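Enquirer: Okay, predicted coordinates and the sequence, questions at the end:
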Amino acid sequence: MTSDTVLSLQILSLAAFCFVVWKVVRQPVERASFRSVAILVLGDIGRSPRMMYHSESFAENGFETYIVGNKGSKPVPSLLSIPRVHFLYLPDAPSTLGLPFILSAPRKVLLQVFSILNALLYRIPHPPEYIVVQNPPSIPTLALVWLVSKLRGSKVIIDWHNLGYSILALKLGNEHPFVKAAKWFESYFGRSAYAHLFVTNAMKEHLVKEWNLQGQKIVLHDRPPGHFHRTSPSEIHELFQRLGPPLDTNAIRDFLPSSTAPYSTPFTKTSSQPSKYPTTLELDGEFDSSPMPSQREDRPALLISSTSWTPDEDFSILLKALGLYEEKARARNEIEIDESKEGSLPKVLMVVTGKGPDREKYMNEVGRLQEDWRWVRCVSMWLEPQDYPLILGSADLGISLHSSSSALDLPMKVVDMFGCGLPVCALDFACLDELVHDGVNGLVFHNAQELATQIASLLTSFPNSPTLTALRKSLERSEQNAARWEWSTWSENWNTVMKPLITHNVNN
Ligand SMILES: Nc1nc2c(ncn2[C@@H]2O[C@H](COP(=O)(O)OP(=O)(O)O[C@H]3O[C@H](CO)[C@@H](O)[C@H](O)[C@@H]3O)[C@@H](O)[C@H]2O)c(=O)[nH]1
């Protein structure tokens, strides 16, 4: 494409943008219609769990719910089945046409501005009562919802997941002029809203103090959806039959215990197949006629990490820790081994779920490293929304490498893991203790050596590790730990914290 054509395209976009703004400014302000909400996600809706959960909660509370965002991964199934939910997809970001960043970035923002305004002003038939916007990204969304609220009378709710400028600072450094400009933009357009939601107490305290936020301020911690649970052996059996392909590579097939579908998987077996390990009933001399799957004693330990593969998560820590575990397992199992196998370490299958920019870089590194590994394998996969909680609930240990660019947000993946009864080893950062209680529901580490030591100590004598079992028990809702139980589901929490905020006007 010639530079003339590019210039004409830019001029056209600018003209279209000016036309929309001119039309809007001339339009008489329409009253916002009660019980409707626009949820704005600048990104793949299917990879924005918190915004999907908000949408579901609004719709369940009788709101006509418009989700504005990009099409990509499949949204959670429950959202697709609610009649009041409408998806308004934004066009995908245009290709850069080989233009330098200085030209391609403003062009991209301009097209985004146009399509977001078009959605919020025209595609939603009546002004929504509320607009819920996720931050980050802040540019251009915070300014746009501010403008739309002035024009259409909608009330803006900013859902503070993190601080956008702190993510940019990871790449450019705190002193870069773009970072300073982004911080100004975020604090200026983020200052006043009908309400501000925060994912941690720490973020609320920080922003109230530093940015003098106007409007109601509420901490809405992430919580897992009600259907997240510890996966039963039957569900694990079905899941690993479904997962087939990502685990069906030479490197993985030879590493896992052999299995014969549909009778067994590397993690489960059924009594329909003669088993190497007799069940308790068989040992008691009774015939086990039930085909119910059970977990195999010779299964590898299943470790899970979940991520968006962004630069704030340093997967080199995990890879180094897995290498150190490999050394420990060799030393224990191949040199010091005694007859009883007491104190031995199991093979480890590390599954990293999620999609994102740094995936290829780290998985190429994994490919090189595991050529020399005998006790560890690492695979990455993206699971359909219904399978994601099932794999978390099948695992033995979760790992979080979330370090938080602002030190003010928390890893949602850990919330997911706790919801599925999975204890974690989590990398420490400033406000992690709002979620992970060291030695109670998980362990906190600071570097690869510590992580490797924790994995080895939790997996000693696997699958009968008392420490791992104790951590897992703290996540069970039982009479014994009722007193310190702090977990609720997303909708219980939302109905307690958010509902009074948004139904207040209707009740009055
Ligand atoms: N369906 C599916 N979802 C996945 C998969 N892997 C990861 N996810 C989704 O991706 C999330 C993890 O993405 P991250 O971007 O790593 O999130 P986080 O650091 O744990 O949490 C951040 O985002 C939250 C809200 O979106 C914030 O609340 C939180 O404070 C933090 O900023 C998981 O919680 C899960 O919903 C997968 O294979 N399949």
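Expert: Looks like it came in fine.
Enquirer: buried residues in stretch 182-195?
Expert: 182-183, 185-187, 189-191, 193-195 (16 or more other CB atoms under 10 Å). In this view, the C-beta of every residue, glycine as well, is placed from N, C-alpha and C.
Enquirer: any residues touching it, and which ones?
Expert: 130, 135-136, 138-139, 142-143, 146, 155-158, 160, 163-165, 168, 196, 210-218, 501 (CB atoms under 8 Å, 6 or more residues apart in numbering).
Enquirer: restrict the residues you listed to contacts with the ligand.
Expert: Among the contacts of stretch 182-195, no residue lies close to the ligand (CB under 6 Å from any ligand atom).
Enquirer: Can you flag which of those belong to helices?
Expert: 142-143, 146, 164-165, 168, 210-211, 501 (DSSP state H).
Enquirer: Could you work out the most separated pair of the residues you listed?
Expert: L168 and L501 (30.3 Å; CB to CB).
Enquirer: Between those two, point out the one with more neighbours.
Expert: The residue with more neighbours, out of L168 and L501, is L168; 24 against 17, by other CB atoms under 10 Å.
Enquirer: Hmm, E175 and that one touching each other?
Expert: No - L168 lies out of contact with E175 (CB atoms under 8 Å); the separation is 12.0 Å.
Enquirer: Just name the shakiest helix or strand of this protein by mean pLDDT.
Expert: helix 280-283 (a mean of 45; mean pLDDT, DSSP states H and E).
Enquirer: The helix or strand that it is followed by: partners in the sheet, and parallel or antiparallel?
Expert: Next helix or strand after helix 280-283 toward the C-terminus (DSSP states H and E): strand 294-295. Paired with strand 294-295 in the same sheet, following DSSP bridges, are strand 268-269 (antiparallel).
Enquirer: Now tell me what touches the partner strand from outside.
Expert: Here strand 268-269 makes contact (CB under 8 Å, 6+ apart) with 233, 236-237, 240, 259, 263, 275, 277, 293-296, 299.
Enquirer: cool, and stretch 368-378?
Expert: So stretch 368-378 is contacted by 251-252, 255, 319, 322-323, 325-326, 329-330, 333, 345, 347-352, 366 (CB under 8 Å, 6+ apart).
Enquirer: Mind giving me the ChimeraX command for buried ones among those?
Expert: The ChimeraX selection below is limited to those of the contacts of stretch 368-378 classed as buried (16+ other CB under 10 Å):
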select :252,255,319,322,323,325,326,329,333,345,347,348,349,350,351,352,366
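Enquirer: how does this structure divide up, domain by domain?
Expert: Domains of the chain are assigned by automatic domain parsing as 3-223+497-503, 303-475.
Enquirer: These into JSON lines, with extra columns for mean pLDDT?
Expert: Shown next, in JSON lines, are those (pLDDT from 0 to 100):
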{"stretch": "domain 3-223+497-503", "mean pLDDT": "88"}
{"stretch": "domain 303-475", "mean pLDDT": "94"}
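Enquirer: Of all those, which one comes closest to P246?
Expert: From the domains of the chain, taking CB to CB, the stretch that ends up closest is domain 303-475, at 4.3 Å.
Enquirer: From start to finish, how long is the closest one in a straight line?
Expert: For domain 303-475, the first-to-last residue distance is 17 Å (CA to CA, to the nearest Å).
Enquirer: With stretch 291-304 instead?
Expert: For stretch 291-304, the first-to-last residue distance is 28 Å (CA to CA).
Enquirer: Fine, thanks again, bye for now.
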